[in-house]
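K.L.:
got a sequence here, can you build the structure:
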Amino acid sequence: MQIPFNKPYMTGKELVYIREAVQAGHVSGNGAFTKKCQTYFEERWNLKKCLLTTSCTDALEMSALLLDIQPGDEVIVPSYTFVSTALAFVRQGAKIVFIDSKKDHPNMDEDLLEELITSKTKVIVPVHYAGVACDMDKIMAIAEKYNLFVVEDAAQAIDSYYKGKPLGSIGHLGCFSFHETKNIQSGEGGMLAINDKRFIKRAEIIWEKGTNRAEFFRGEVNKYGWVDIGSSFLPSDIIAAFLFAQLENLDDIQAKRKAIWNTYYKGLKSLADQGLFTITDIPEYAINNAHMFYLVCRRPYDRNGLIRQLKNNGVHAVFHYQNLQESKYHRSLKGNRVQLPHCDYFMDCLVRLPFYYELTSGQVSHVISQIHQYFIKHNDKNKKNFY
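P.N.:
So this is what the prediction gives:
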């Protein structure tokens, strides 16, 4: 039995819609399917303006341009995240100020924010890890107090909520991913949600290579030209056609993923209750969008041993992010390094289990069984919990 970590799900309509896009004769960006996808997001989640991008990285880079990040500006970013969260702002010359995770969750510890803010701080970038919301009331209150911008990295957070508000809709800007590992995917792809009306017009210009081309095609101007900085951030309409087939099946995809998540949770809770590892408890203010299922071992020894046990029995499980502060690139900057013990802990001890739409109940049972077998063999209650 070979169980991969991820398997992209196809609804069956992707090629149908791609053919439609090709036959329509418009396969470059901002075609009919691009508009359909953007309208879907705006109407379903009441987002002010959405622009598809070729990746979440591009959406983050657009955010840095929109907020006019300059060399020396400081941006607060969790250290336990994918490199794009920081890179988008580094490219504009920003100094990244890393914040630690919570003790019991990889999300940033909002209670540490104020002590990191200086006169140079410009942006806070909360990352909703595993689609579970950060405490956005705290973050937005701090941002308002210090006149800062908030860019939500909602790469993993489609169809997830904070106190009933869709993630990605609360900060000034929100960034989504449609990479093949995400709940809704188009191979590669992303989206920028513009929640502050001040940025809508300029966002379209940056999206269209620094031109007012979007206004021209709406008939608002009689010609278009180069009016600002920008880049080619918009994807082909072929990618949008693929994505639209996924969006039409969002509710079905989410229902299946939540069922898989619940099966994992029920099957592993008894081990978690013994203190052998921890599994996610969703805060009252958040919901679970079933983006991933992970567990956090007590120490690296168990994390590495469990991954090896699973691999030897046909299961591909993975650890996740490296602490960005400890990366080769960040060390080369020779900036100040701070203690981030919780980021280090998740880096060393977190395990992500196989998770995708077509994962069968038998396969989930096999994964659960192998985890039980590992901890039955290695549960020595006299061993120290190193954390």
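
K.L.:
which ones are touching residue 229?
P.N.:
Neighbour list for residue 229: 65, 206, 210 [criterion: CB atoms under 8 Å, 6 or more residues apart in numbering]. C-beta: built from backbone N, CA, C; applies to glycine.

K.L.:
please repeat the previous calculation with a cut-off of 10 Å.
P.N.:
If you count contacts by CB atoms under 10 Å, 6 or more residues apart in numbering, residue 229 has them with 65, 68, 202, 205, 206, 209, 210.

K.L.:
for residue 112, same thing?
P.N.:
Applying CB under 10 Å, 6+ apart to residue 112 gives the contacts 76, 99, 100, 101, 102, 340.

K.L.:
same check, this time on residue 189
P.N.:
Contacts for residue 189 (CB under 10 Å, 6+ apart) come out as 37, 52-56, 58-59, 176-180, 182, 235-236, 239-240, 242-243, 246.

K.L.:
next, give phi and psi for the closest residue to residue 315 other than its chain neighbours.
P.N.:
Using CB to CB, 6 or more residues apart in numbering and skipping the chain neighbours, the partner closest in space to residue 315 is residue 3 (4.8 Å). Main-chain torsions, residue 3, degrees, to the nearest 10: phi -120, psi 110.

K.L.:
from residue 179, how far out is residue 3?
P.N.:
20 Å (CB to CB, to the nearest Å).

K.L.:
related to what we said a few turns ago, lowest pLDDT pick from the contacts of residue 229?
P.N.:
In terms of pLDDT, the least confident member of those is residue 210, at 87.

K.L.:
residue 122: neighbour count?
P.N.:
Residue 122 sits with 20 neighbouring residues when counted by other CB atoms under 10 Å.

K.L.:
quick check, it in contact with residue 67.
P.N.:
Yes - between residue 122 and residue 67 there is a contact at 6.8 Å, judged by CB atoms under 10 Å.

K.L.:
which neighbours do those two share?
P.N.:
Taking CB under 10 Å, 6+ apart as the criterion, residue 122 and residue 67 both touch 73, 75, 89, 94, 148, 149.

K.L.:
out of those, which sit inside strands?
P.N.:
Mapping those onto strands (DSSP state E) picks out 75, 149.

K.L.:
of the shared contacts of residue 122 and residue 67, closest to residue 108?
P.N.:
residue 75 (12.5 Å; CB to CB).

K.L.:
and the helices in the stretch 51-200 of the chain?
P.N.:
Assigned by DSSP state H, counting those that start in this stretch, the helices in the stretch 51-200 of the chain fall at 56-66, 83-90, 113-116, 136-146, 200-207.

K.L.:
pick out the residue closest to the middle of the chain.
P.N.:
Centroid-nearest residue in the chain: residue 155, 2.3 Å away (criterion: CA atoms, centre = their mean).

K.L.:
separation between it and residue 264?
P.N.:
21 Å.

K.L.:
now do the longest helix seen in the chain: distance to the chain's middle.
P.N.:
In the chain, with assignment by DSSP state H, the single longest helix is helix 250-273. The chain centre lies 19 Å from the centre of helix 250-273; the measure is CA atoms, centre = their mean, to the nearest Å.

K.L.:
tally of neighbours for the residue nearest to residue 315?
P.N.:
For residue 3, using other CB under 10 Å, the count is 22.

K.L.:
what residues are up against it?
P.N.:
Applying CB under 10 Å, 6+ apart, we find residue 3 in contact with 310, 313-317, 353-354, 356, 359-360, 362-364, 366-367, 370.

K.L.:
are any of the residues you listed buried, and which?
P.N.:
Among the contacts of residue 3, the ones that count as buried by 16 or more other CB atoms under 10 Å are 310, 315, 317, 353, 354, 356, 359, 363, 364, 366, 367, 370.

K.L.:
number of nearby residues for the closest residue to the residue nearest to the centre of the chain other than its chain neighbours?
P.N.:
Leaving aside its sequence neighbours, residue 155 sits nearest to residue 177 (CB to CB, 6+ apart; 3.8 Å). For residue 177, the tally of surrounding residues (other CB under 10 Å) stands at 29.

K.L.:
any idea how far the residue nearest to residue 315 is from residue 83?
P.N.:
27 Å.

K.L.:
what's the answer for residue 145, then?
P.N.:
Taking CB to CB, one finds residue 145 at 29 Å from residue 83.

K.L.:
what's the answer for residue 237, then?
P.N.:
The gap separating residue 237 from residue 83 is 29 Å, by CB to CB.

K.L.:
and what of residue 201?
P.N.:
According to CB to CB, residue 201 and residue 83 sit 30 Å apart.

K.L.:
shaky segments in the protein?
P.N.:
Counting by pLDDT under 70, the chain contains low-confidence ranges at 1, 216-219, 222-223, 335, 380-387.

K.L.:
which residues of it fall in strands?
P.N.:
Along the chain, counting by DSSP E, strands occupy 49-53, 74-78, 95-99, 121-124, 149-153, 161-162, 165-166, 173-177, 190-194, 277-279, 294-297, 350-352.

K.L.:
need the winner for burial among these.
P.N.:
strand 173-177 (a mean of 28; mean count of other CB atoms under 10 Å).

K.L.:
what is that one packed up against?
P.N.:
Contacts defined by 3 or more CB pairs under 10 Å, 6 or more residues apart in numbering; DSSP states H and E place strand 173-177 against strand 49-53, helix 56-66, helix 83-90, strand 149-153, strand 190-194.

K.L.:
how far is the last one from where the chain is centred?
P.N.:
Which is strand 190-194. 12 Å.
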